[in-house]
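*Asks:* With the sequence up front, the predicted model follows.
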Amino acid sequence: MSDIAFAPAYPISIPTREILPWAVFAGLILILAVYFVGAEEGALALVDTGGVIHEFVHDGRHLLGFPCH
């Protein structure tokens, strides 16, 4: 006996109404990540005026090639 599960011979379709909320959520997370890593800086800070977020993502900014200082 084997415990191997076989895939169905036909492709499984997932309705768009089930994928769309997750795609929107992933898009918002991506936009927020790019904002905080790429744009959140001292003078242009919309959220963090003390520089805590900037210092938290500082090394990631350099790793991804964003100019910082």
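*Replies:* Looks like it came in fine. Numbers count the residues shown, from 1 in each chain.

*Asks:* any idea how far Pro67 lies from Gly60?
*Replies:* Pro67 is 13 Å from Gly60, where distance means CB to CB, to the nearest Å. Glycine gets a C-beta too; all of them are placed from N, C-alpha and C.

*Asks:* hang on, I meant Phe25
*Replies:* From Phe25 over to Gly60 (counting by CB to CB), the distance is 22 Å.

*Asks:* now the helices for this protein?
*Replies:* Assigned by DSSP state H, the helices in the chain fall at 16-38, 52-56, 58-64.

*Asks:* possible to save those as a markdown table with distance to Tyr10 and mean pLDDT?
*Replies:* Converted to a markdown table, the helices of the chain look like this (distance: least, CB to CB, whole Å; pLDDT from 0 to 100):
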| stretch | distance to Tyr10 | mean pLDDT |
| --- | --- | --- |
| helix 16-38 | 18 | 88 |
| helix 52-56 | 47 | 72 |
| helix 58-64 | 41 | 76 |
